[in-house]
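Peer 1: 3D, please:
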Amino acid sequence: MAESVTSLTAAIASGDTEAFAQFYEDWFDELYAYARSATRRDESFCLDLIQDVMLKVIRHLPPIDSEPALRLWLRRVVANTARDRFRTESRRLRREQRHADARPEVTETADTNDELEVRLKWLRDELTSMDDELAELITARHRFGWTMARIGAVFGLHPSAADGRTRRATTALKRKAREVFDEP
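Peer 2: All right, here's what the predicted structure looks like:
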């Protein structure tokens, strides 16, 4: 068996796709079971995890001389890949939480509604006073949610040009709004 592990891992390391197909068939179930028990996560998470592990096998598997050594290497790769996925998920959740925390809570009070009306009137006035094409670009992007490709096609612009113009105009509006409404 040691000889077959050595030849299999050496073949995978050299890029042999048939050897990898055999490896996948031989080791998938064990790796999946290990991922489920080690992470305690659902099937979808573990399947994605094993897909990442298999990509690492294709790219980084060294020739290994015994099945226990291969099993140890694979378990280490599963554990490290799971840790990387957990870190990525944790960073995403923190980013989403920061974004949610940055958005002010809107309460249904007369003051809030009055302030909202003042801000909307100010925005309408600003859009009316700016260049018509810029106002239409901003409206298409932020009111209607059009993609830059669609905006570019409608306005005869390359999507990156539409993006640049829209972004500059939106940034200028935000800066002006912060000044007008005394926000940092």
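
Peer 1: Which of the helices and strands in the protein ranks last by mean pLDDT?
Peer 2: helix 110-129 (a mean of 83; mean pLDDT, DSSP states H and E).

Peer 1: residue nearest the centroid of this protein?
Peer 2: With distances taken as C-alpha atoms, centre = their mean, the residue of the chain nearest its centroid is Arg92 (8.0 Å).

Peer 1: Can you pull the domain assignment for this protein?
Peer 2: As given by automatic domain parsing, the domain ranges for the chain are 2-101, 110-180.

Peer 1: Which one of those domains has the poorest average confidence?
Peer 2: Averaged per stretch, pLDDT over those is lowest on domain 110-180, reaching a mean of 86.

Peer 1: Return the distance of that domain from the chain's centre.
Peer 2: Relative to its chain's centre, domain 110-180 lies at 26 Å (C-alpha atoms, centre = their mean, to the nearest Å).

Peer 1: what's the answer for stretch 66-85, then?
Peer 2: Relative to the chain's own centre, stretch 66-85 is displaced by 25 Å; criterion: C-alpha atoms, centre = their mean.

Peer 1: For it, buried residues please.
Peer 2: Of all the residues in stretch 66-85, those buried under the rule 16 or more other C-beta atoms under 10 Å are Leu70, Arg71, Trp73, Leu74, Arg75, Val77, Val78, Thr81, Ala82, Arg85. The C-beta positions use only the backbone N, C-alpha and C, and glycine is treated the same way.
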